[in-house]
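In: Provided below are the primary sequence and the corresponding predicted coordinates.
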Amino acid sequence: MIGLDKINSKFDMKGVNFDLKDLDFTRITDLLAEHHKAYSSILIVVALIIAWFMYKDYHVKEQTWHTKTAQAATKMAAIEARDAAVKSLNDFKAAQPKELNEYELITQLSNIANKYNTVITSLNPAEKKDMGLYDAIDVHFTVEAANFKDTMLFLRNIEISQFPFRVNAWSGHEDENNGKIVSDIRISSIHLHI
């Protein structure tokens, strides 16, 4: 520990010589005791000013944190909405029937015809048209069935099959020679561009 006697008690402040020995500490303590209320008030005011600056700094930091938290929540909501939309789109795409080419379409029609004792007697080549949002495949064919009921079951099953078929036109008559029902049918199938 450094002794007080080794401290240089002389200060030189711009030509004014000042010696610590010249200070009257009892007089200083008496002045402090005499004006302690004023000094206490000053200390309280200084403490309040420091507390106000600390609160203001804390408030600014808290507002910044709340703003960033709100922005992050908004971004998370947007991401969740995008993910939900992507999932909905993927579910929609998965629910769509698979695309049929002309050969597969004719094969499916033949399978349905065989179930209802219906024979496809003539078939025009399928026509594929690009309709912008979807492709349409049109098929025109003639069938022969033993009775009207089989013809109607055949047509009904075309439209309720798992494939996107639609009967566009149908006309029929009874063949005078053999009594079978001859039908002229136009159907279409679509495939969405997704």
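Out: Here it is on my side, so go on.
In: tell me the SS of Glu80?
Out: helix (DSSP: H, G, I helix; E, B strand; the rest coil).
In: what's the pLDDT at Val86?
Out: Val86 carries a pLDDT value of 91.
In: how about Val143?
Out: Reported pLDDT for Val143: 91.
In: contacting residues around it?
Out: Ala113, Thr118, Val119, Ile120, Thr121, Thr151, Phe154, Val182, Ser183, Ile185 (C-beta atoms under 8 Å, 6 or more residues apart in numbering). Bear in mind the C-beta positions are built from the backbone N, C-alpha and C, glycine included.
In: partners of it in the sheet?
Out: Listed by DSSP bridges, the beta-bridge partners for Val143 are Ile120, Ser183.
In: gap between it and Ile50?
Out: According to C-beta to C-beta, to the nearest Å, Val143 and Ile50 sit 97 Å apart.
In: how about Thr121?
Out: 102 Å.
In: go on, His36?
Out: Counting by C-beta to C-beta, the separation of His36 from Ile50 is 20 Å.
In: same question, Ile106
Out: 90 Å.
In: any idea how far stretch 86-98 is from the chain center?
Out: 15 Å (C-alpha atoms, centre = their mean, to the nearest Å).
In: use 641 as the first number for this chain going forward.
Out: Okay, residue one is now 641; in that scheme the one you just asked about reads as stretch 726-738.
In: export the contacts of Val783 to a markdown table and tack on distance to Lys696?
Out: Below are the contacts of Val783 laid out as a markdown table (distance: C-beta to C-beta, whole Å):
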| residue | distance to Lys696 |
| --- | --- |
| Ala753 | 85 |
| Thr758 | 88 |
| Val759 | 92 |
| Ile760 | 87 |
| Thr761 | 93 |
| Thr791 | 88 |
| Phe794 | 84 |
| Val822 | 94 |
| Ser823 | 88 |
| Ile825 | 83 |
